[in-house]
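**Student:** Predicted model and sequence below, questions to follow.
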Amino acid sequence: MMINATMLGSFTLLGLRDTKAKYRLMIFALTLLCYILIILVNVALILTILLEKKLHQPMYVFLCNLCFNSLYGTAAFHPKFLFDLLSNSHVISYAGCLLQVFFIYSYATTDFSILAVMCYDRYLALCRPLEYHSIMTKQRVVLLVCFSRLVPMICQAIVMIMTSKLTLCGFQINKLYCENWSILKLSCESITLNNIVGYIVILLYTGHALSILCSYVQLVKFSLKYPERRRKFLQTCTPHLMCLINVTAALLFDVMYARYGSDSVPQSLRNFMAIQFLIIPPMLNPIIYGLNLTQVRSSCLKLCRYKRQVQEF
């Protein structure tokens, strides 16, 4: 049966169909706890950077952007998922499905863009310290922040507009949330052009990852050549590298499994692989930076002590 995509009322999400009620309550509690933790750690880091003047530097502005992006992306998934865990009907409207795809995957690609910008910032700070402030001006920082947010949104908007033009032959998505590849598989017509554009976007962000890798090769060479810079490299670049590995591994799992994964894999494992990039990086990234960057850690503790003193007064 052919279904005009523009007239389609809703999709049915099948990711929870084999999950028993008693397990859903446990998953609900764990997911709610994770989401609360994601909000707390990201908001805490954002407020620390905003309220502490000595953190008003490019590296921390980009870090603030990374935390905001985590809140943006997880808001597109967690509320709907929590609602579905308590409901027997796992339905999402057609427009809501396309919006969820847009927000989740613009969040994922924006993470890569922000990490690439942060790597560029660290390269300048460590390898070209005398030129750093003349290159990394306020205008340049604003431009880089806009680049890291607008380019992924434009790419994802193009992908979603093309998807919305397709005629579909089904309405069931075998995932916990809407995902572009799952919608494309429901198409009654050729998706060759959609695939080409999709691979171009994947190659674009693979290029981001390779540029970050090349920059790190230069940073490692520089830190080995100048031992006095090694401590700064370890302190500021190690958390960035951990975040990059965290985001890349989680997202690669999802993208590769969505396209090439086997149906023989248990649904519970497929669900975990599909949502880990929406839970692990947003939760761990602020913790990694908060624990490793001395200025962030000391400023956060300072603000906590100040708040306690105000309450006691």
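**Tutor:** Arrived safely. Please read these numbers as outputs of a predicted model, since none were measured by experiment.
**Student:** What is the burial count for residue 148?
**Tutor:** 24 (other Cβ atoms under 10 Å). To be clear about C-beta, it is placed using only N, CA and C from the backbone, and glycine gets the same treatment.
**Student:** List the buried residues in the helix or strand harbouring residue 159.
**Tutor:** Using DSSP states H and E, residue 159 falls within helix 138-164. For helix 138-164, the buried set under the neighbour-count rule, 16 or more other Cβ atoms under 10 Å, comprises 141, 144, 145, 148, 149, 152, 155, 156, 159, 160, 162, 163.
**Student:** Now tabulate those residues in CSV and tack on distance to residue 180 and pLDDT.
**Tutor:** Shown next, in CSV, are these (distance: Cβ to Cβ, whole Å; pLDDT from 0 to 100):
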residue, distance to residue 180, pLDDT
141, 32, 93
144, 27, 94
145, 26, 94
148, 21, 92
149, 20, 93
152, 14, 93
155, 12, 93
156, 9, 94
159, 6, 93
160, 7, 93
162, 9, 93
163, 6, 92
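**Student:** neighbours of the residue lying closest to residue 62 once chain neighbours are set aside, just the number please.
**Tutor:** Once flanking residues are discounted, residue 62 sits nearest to residue 118: 4.7 Å by Cβ to Cβ, 6 or more residues apart in numbering. Other residues lying near residue 118 total 26 when counted by other Cβ under 10 Å.
**Student:** Check residue 96 too.
**Tutor:** The number of residues packed near residue 96 is 14, by other Cβ under 10 Å.
**Student:** and it, what does it touch?
**Tutor:** Counting by Cβ atoms under 8 Å, 6 or more residues apart in numbering, residue 96 touches residue 178.
**Student:** Where do the helices of the chain begin and end?
**Tutor:** 21-51, 58-75, 78-85, 94-127, 132-135, 138-164, 180-184, 192-225, 230-260, 267-275, 280-292, 294-312 (DSSP state H).
**Student:** which stretch in the ones you listed is the model least sure about?
**Tutor:** Within the helices of the chain, confidence is poorest for helix 294-312, with a mean of 59 (mean pLDDT).
**Student:** my guess is residue 35 meets residue 82, correct?
**Tutor:** Yes. Residue 35 is within contact range of residue 82, at 7.3 Å (criterion: Cβ atoms under 8 Å).
**Student:** With neighbour numbers in mind, choose between those two.
**Tutor:** Using other Cβ under 10 Å, the more surrounded residue of residue 35 and residue 82 is residue 35, with 21 against 15.
**Student:** The more buried one and residue 88, how far apart?
**Tutor:** Going from residue 35 to residue 88 by Cβ to Cβ, to the nearest Å gives 22 Å.
**Student:** repeat for residue 22
**Tutor:** 14 Å.
**Student:** cool, and residue 18?
**Tutor:** Residue 18 sits 14 Å away from residue 88 when distances are taken as Cβ to Cβ.
**Student:** More neighbours: which of the two?
**Tutor:** Higher neighbour count among residue 18 and residue 88: residue 18, with 11 against 7, using other Cβ under 10 Å.
**Student:** From residue 126, how far out is the more buried one?
**Tutor:** Taking Cβ to Cβ, one finds residue 18 at 50 Å from residue 126.
**Student:** What is the neighbour count of the nearest residue to residue 18 once chain neighbours are set aside?
**Tutor:** Distances taken as Cβ to Cβ, 6+ apart put residue 267 closest to residue 18, at 5.0 Å, once the chain neighbours are dropped. Close neighbours of residue 267, defined as other Cβ under 10 Å, add up to 17.
**Student:** cool, and the one 3 residues further on?
**Tutor:** Residue 270: 19 surrounding residues under other Cβ under 10 Å.
**Student:** what do you get for residue 280?
**Tutor:** 16.
**Student:** switch to numbering from 16
**Tutor:** Sure thing, new numbering starts at 16, so read that last one as residue 295.
**Student:** Could you measure from it over to residue 302?
**Tutor:** 11 Å.
**Student:** May I have the phi/psi pair for residue 91?
**Tutor:** phi -80, psi -20 (degrees, to the nearest 10).
**Student:** For it, which non-adjacent residue is closest in space?
**Tutor:** Excluding its sequence neighbours, the residue lying closest to residue 91 (Cβ to Cβ, 6+ apart) is residue 118, at 3.5 Å.
**Student:** wait, what's in contact with the one you found?
**Tutor:** Contacts for residue 118 (Cβ under 8 Å, 6+ apart) come out as 87, 88, 90, 91.
**Student:** Which one (most neighbours) among these?
**Tutor:** That'd be residue 88 among the contacts of residue 118, by other Cβ under 10 Å, with 23 neighbours.
**Student:** Great, nothing more from me.
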